[in-house]
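K.L.:
Sequence plus predicted model, see below.
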Amino acid sequence: MVLATTDPTSRLAASASLEDLETPCLVLDADRMDRNVLRLRSRLDAMGVSLRPHLKTAKSIEVARRVMTSPEGPATVSTLKEAEQFAAAGVRDMIYAVGIAPAKLERVAELRASGVDLVVTLDTVQQARAVAEASRRAGTRIPAMIEIDCDGHRSGVRATDQAQLVEIGRALTADGELRGVLTHAGDSYNGGSIEALRRYAETERLAVVDAARILDAAGLPCPVVSVGSTPTAHHATDLAGVTEVRAGVFVFFDLVMAGLGICQIDDIALSVLATIIGHQREKGWIITDGGWMSLSRDRGTGKQAVDQGYGLVCDVDGTPYHDIIVSDANQEHGIIAVRPGSNARLPDLAVGERVRILPNHACATAAQHETYHVVRGRSHVIETRWTRFGGW
């Protein structure tokens, strides 16, 4: 699947090629992105489950339109700022998948009054009562998902805690609306064998399906049963009882996902373009202008079998150098070196030459930038530029 990526307005503002860009900057390979989206969408279509992509990684209207099944959604967001930005662009069906703070319910009500079906998330009776109270004030039933803790990774109600589930559901339905249950298999980021990833996926599925059964037995509605993590979305073998999947980083992938075996290195669609600014030859270093302000300080591969430092170094075409990583990073300086223990040799890169660096964590690296510079494959031509947004 190849999606149109050329916007006439943004094309006018785009630089002509990678050689023209000021560095460091963020590069997006649209061919890889399209391929990644098609891969998961095809898998879920075959399993009869809809995709509600988590847009926290993209934070871009143009990327969202290429990932969602329609311009109106469905979609998942992690901040109200994302919800407001996507709502302004016409998205009408969103789940805000971070536990709701009562003070934010006024913004939620305002978005809903504008015609957006924004659903909040909670896991306490106190939050459910706050949603019911905000619904009474707003004169509309604000819908909420109950978050289920499937693996002890972070927040959520244990699926076995029948009393708390029912109490939350009844508090919500007093004046609000119980839309369903959702969970996220955070443990799946620990990786392991394919069988282990399949077990994470089944644990995730069973948690929400069991919770939905408890609510149904109590006479409470539960139309949406939602799971979401990129590792489990690519390894689930049974999604019976699940209505949707909320994966997010699958759109771009990153070195952490490659380390888990969820993707290959050449599936990673994001890179940071940096320029060589010096050498410390006696130390075996090449210095770039790509420090942690452009790469992020995320060291997500540090605990994996292959530590990629602050990123894997590629030539300007996007082809990785063998065992060459960003071994250390200061605020605006990146230090390129041979991976410890490797017999590889540093490439002969002159001052002014450019490299592309694949990120450990796509969400964290993208968050350092305001613009995607869109290319396709090995081409240096900038097709267009897409704006990113941040904030809460």
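P.N.:
Done, it's in. Note that this is a predicted model, so its numbers are computed, not measured.

K.L.:
How is this protein partitioned into domains?
P.N.:
18-25+261-387, 55-247 (the TED database).

K.L.:
The longest one: end-to-end distance?
P.N.:
This stretch, domain 55-247, spans 9 Å end to end (CA to CA, to the nearest Å).

K.L.:
Return the set of buried residues in stretch 78-87.
P.N.:
78-80, 82-87 (16 or more other CB atoms under 10 Å). Where C-beta positions appear, they are placed from N, C-alpha and C, glycine not excepted.

K.L.:
With respect to L40, which of the domains of the chain lies nearest?
P.N.:
domain 55-247 (6.0 Å; CB to CB).

K.L.:
So what's the gap between that closest one and the chain middle?
P.N.:
In this view, domain 55-247 has its centroid 15 Å away from the chain centroid, taken as CA atoms, centre = their mean, to the nearest Å.

K.L.:
Apart from its chain neighbours, what residue comes closest to L165?
P.N.:
The shortest distance from L165 to any non-neighbouring residue, by CB to CB, 6 or more residues apart in numbering, is to I214 (5.3 Å).

K.L.:
which residues touch that neighbour?
P.N.:
In this structure, I214 makes contact with 159, 162, 165-166, judged by CB atoms under 8 Å, 6 or more residues apart in numbering.

K.L.:
ok, now with 10 Å
P.N.:
If a contact means CB atoms under 10 Å, 6 or more residues apart in numbering, then I214 has 159-163, 165-166, 169, 181, 220, 222 as its contacts.

K.L.:
do P231 as well
P.N.:
In this structure, P231 makes contact with 185-192, 196-197, 200-201, 204, 247, 249-250, 256-257, 260-262, judged by CB under 10 Å, 6+ apart.

K.L.:
same deal with V313?
P.N.:
271, 274, 286, 288, 290, 320-327, 334, 336-337, 339, 346-347, 349, 355-358.

K.L.:
switch the cut-off to 6 Å
P.N.:
321, 324, 336, 355, 357 (CB atoms under 6 Å, 6 or more residues apart in numbering).

K.L.:
before we move on, what SS does the second one have?
P.N.:
At I324 the chain is in strand, as set by DSSP: H, G, I helix; E, B strand; the rest coil.

K.L.:
Name the nearest residue to it, ignoring sequence neighbours.
P.N.:
V313 is the one closest to I324 (CB to CB, 6+ apart), at 4.4 Å.
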